[in-house]
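A predicted structure for the sequence below; I have some questions about it.
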Amino acid sequence: MFFANQLTLTVTHESTDYDLAVLHGCEIIPQAEHVEEYGMDSIFREAVNKVKFKVDFKAKYAKFNPTLADWWVMKVWNAGTGGSDGAVTDTNEVTLFKATGTITAQAGAETKRLQAEISDIYFPATPIVFQENQYVVLDLAGTGRTIGFSNPAA
């Protein structure tokens, strides 16, 4: 069994990794639209095809480095400039990210890991949630192009 508190999550931009800490939840949803096809002489479905694959990616986390040069979220709005000046860049270029999540389970003396890697994620918004008597939480939702699963060594 995997326990959600043993998830590690890293977001990568170009060659720099940013570990997300104090996670409040993560969702990885690979999906495709399905098109059903019917014939003229039958009420039953003849075939099903998949189209438009995507990976919905959602993460809430509370610990981050607010220094603009180190805060990866600024790179969403500063495509091509490095994201260190704190301003939104006037460009239609979209910055893409990679996310890698690993969960670990202990089965007796054996440790098992399941890892998912989502590539080409874009984030259309970067909400920061402020609630009374709570830690500040970044609540991000993006869409990735592909996903791969692996079992890395423990």
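Now that the structure is in, tell me what you want to look at. Numbers count the residues shown, from 1 in each chain.

contacts, neighbours, all on C-alpha from now
Will do.

Can you pull the phi and psi angles for the spatially most central residue of the chain?
Against the mean C-alpha coordinate of the chain, by CA atoms, centre = their mean, the closest residue is Phe57 at 3.6 Å. Dihedral pair for Phe57: phi -130, psi 120, per degrees, to the nearest 10.

For the protein, which residues score under the pLDDT cut-off?
Within the chain, the ranges that satisfy pLDDT under 70 run 1-6, 79-84.

Is the residue nearest to the centre of the chain in contact with Ala141, as I believe?
Yes - counting by CA atoms under 8 Å, Phe57 touches Ala141, with 5.6 Å between them.

so is the residue lying farthest from the centre of the chain in a helix, a strand, or just coil?
Each residue of the chain has a distance to the centre, and by CA atoms, centre = their mean the biggest one is for Asp41: 44.5 Å. Three-state call for Asp41 (DSSP: H, G, I helix; E, B strand; the rest coil): coil.

Could you please name the strands the strand ranked longest in the chain pairs with and the direction of each pair?
Longest strand in the chain, counting residues (DSSP state E): strand 16-38. Using DSSP bridges, the strands paired with strand 16-38 are strand 7-13 (antiparallel), strand 45-63 (antiparallel).
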